[in-house]
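Colleague: here's my sequence, what's the structure:
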Amino acid sequence: MPALPPLVEPGVELTRGEVARYSRHLIIPDVGVTGQRRLKNARILVMGAGGLGSPTLLYLAAAGVGTIGIVDFDTVDESNLQRQVIHGVADLDRPKTRSARDSIAEVNPHVDVVLHEQRLEPAGAVELFAQYDLIIDGTDNFATRYLCNDAAVLAGRPLVWGSIYRFGGQASVFWEAAPDGRGLNLRDLYPQAPPPGSVPSCAEGGVLGVLCASIGSIMATEAIKLVCGLGEPLLGRLMIYDALTMNYRTVRVEKDPAGAQITALIDYDEFCGVVSDDAARAADGATWTPAELADALDGEDPPVVIDVREPVEWEITTIGGAVLIPKDEIVSGRALGDLPHDRRIVVYCKTGIRSADALAALHRNGFDDAVHLGGGIAAWASTVDPDMPVY
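Modeller: This next block holds a predicted model:
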């Protein structure tokens, strides 16, 4: 499939210092001075300064992209440093946007960095995207991914997309307004969000840190190709990477002729859901705070506390006296015969999502007074046991 036309017109002439800085680009025939001037004139918005955003931002800055916008509302946490290489120890508790800006300035002070310290919301998303030539989605949840996709469609902008989980990653390019009838968007690949709770986040399931560099560099490459009109972009193809087998493969993505037309932004939290309807109903009125659980454990008739996380998480930390029974053992019914009916059961996980699913299964099987720990072991660590390791 032929390359797309260059997305950005060439900017002003390069300075003597820029010629020296970008000389290895300039001597590539397909890039040259004209391509570098396109990069200098480009405006790219990167969604998220986290695992995928970190390498993408650094390489775009090093490549000479003239204006880079960063959307992020989070602060740097110690658990980020395993993979988010744009931040360092000195940046802990700082806004990620400001930490990323400072790192970019060290790489290339010629880049204009625009900070959007906000959570992306439907209100204003299309207007924000329209200020840039291209959007890069490095977010980590389906609600924001669908919002980015739909806003990019309505703004007429190409979207470079990536995702990572444990040892695997994916990347593609979506652009509904692409020329020559080649347009398609994320909904052609994922018409519906996966069932709530079926796809763990990186915080729940983990990610190999170096995987971020593998996928992030591909995303930066695709952005540069689109800006300059180079090669064959991933538009219409999904690249799948397996780090354990060191295997890259691509599969064709076709336009869904029955796909719904995107005409407006919607409530994406409701569209994707966080927990299933059954889990939400079960948790309503059956959610304990960490303080309530602590009081109950100190009482005369303490409850049975069940940790529904995975064994690898149990090895990191656990609430004293808890019993490990992974969620799937409860949901499948395999562990129900071992649970007592004469004592209240309290289930917990890391953040309260998996435990809500386990709670729904318990209620369906006659454990009517079972409850779960709201906020999970993370909330317990922050309020009851501040010395507990967190992950």
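Colleague: residue ranges in the protein under the pLDDT threshold?
Modeller: 1, 197 (pLDDT under 70).
Colleague: so it: which segments form each domain?
Modeller: Split into domains by automatic domain parsing, the chain comes to 16-272, 277-383.
Colleague: redo these as TSV? Include mean neighbour count and distance to Ala3.
Modeller: Just so you know, the C-beta spots here come from the backbone N, C-alpha and C atoms, and that holds for glycine as well. Shown next, in TSV, are those (neighbours: other CB atoms under 10 Å; distance: least, CB to CB, whole Å):
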stretch	mean neighbour count	distance to Ala3
domain 16-272	18	5
domain 277-383	18	43
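Colleague: take those domains and write them to a markdown table, including distance to Pro6.
Modeller: A markdown table is the format used below for the domains of the chain (distance: least, CB to CB, whole Å):
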| stretch | distance to Pro6 |
| --- | --- |
| domain 16-272 | 3 |
| domain 277-383 | 44 |
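Colleague: looking at the ones you listed, which is nearest to Leu7?
Modeller: The minimum distance between Leu7 and the domains of the chain falls on domain 16-272, with 4.9 Å, by CB to CB.
Colleague: and that closest one, end to end?
Modeller: With CA to CA, to the nearest Å applied, domain 16-272 spans 51 Å between its terminal residues.
Colleague: same question for stretch 66-77.
Modeller: In stretch 66-77, first residue to last residue: 29 Å (CA to CA).
Colleague: stretch 10-22 now?
Modeller: By CA to CA, the extent of stretch 10-22 from end to end equals 15 Å.
Colleague: what do you get for stretch 284-291?
Modeller: One end of stretch 284-291 sits 18 Å from the other (CA to CA).
Colleague: tell me how far it is from the chain's mean position?
Modeller: Relative to its chain's centre, stretch 284-291 lies at 28 Å (CA atoms, centre = their mean, to the nearest Å).
Colleague: need the contact partners of it.
Modeller: 296, 346, 352, 359, 363, 370-375, 379-380, 383-384 (CB atoms under 8 Å, 6 or more residues apart in numbering).
Colleague: among those residues, which one lies nearest to Gly333?
Modeller: For the contacts of stretch 284-291, the minimum distance to Gly333 (CB to CB) is 13.3 Å, reached by His363.
Colleague: how much space separates the closest residue in space to the closest one that isn't next to it in sequence from Ile319?
Modeller: Sequence neighbours aside, Ala282 is the residue nearest to His363 in space, at 5.0 Å (criterion: CB to CB, 6 or more residues apart in numbering). Using CB to CB, to the nearest Å, Ala282 is found at 20 Å from Ile319.
Colleague: go on, Asp72?
Modeller: According to CB to CB, Asp72 and Ile319 sit 32 Å apart.
Colleague: what helix or strand does Glu9 sit in?
Modeller: According to DSSP states H and E, Glu9 maps onto no helix or strand at all.
Colleague: CA atoms of the helix or strand harbouring the residue nearest to His363 as PDB?
Modeller: Element membership for Ala282, per DSSP H and E: helix 277-283. The C-alpha trace of helix 277-283 is given here as PDB (Å, rounded to 0.1, in the frame of the first residue of the first chain):
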ATOM      1  CA  ASP A 277     -23.800  -4.600  36.600                       C
ATOM      2  CA  ASP A 278     -24.000  -7.700  38.900                       C
ATOM      3  CA  ALA A 279     -20.800  -6.600  40.700                       C
ATOM      4  CA  ALA A 280     -22.100  -3.000  41.100                       C
ATOM      5  CA  ARG A 281     -25.400  -4.300  42.500                       C
ATOM      6  CA  ALA A 282     -23.600  -6.700  44.900                       C
ATOM      7  CA  ALA A 283     -21.300  -3.900  46.200                       C
END
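Colleague: sounds good, over and out.
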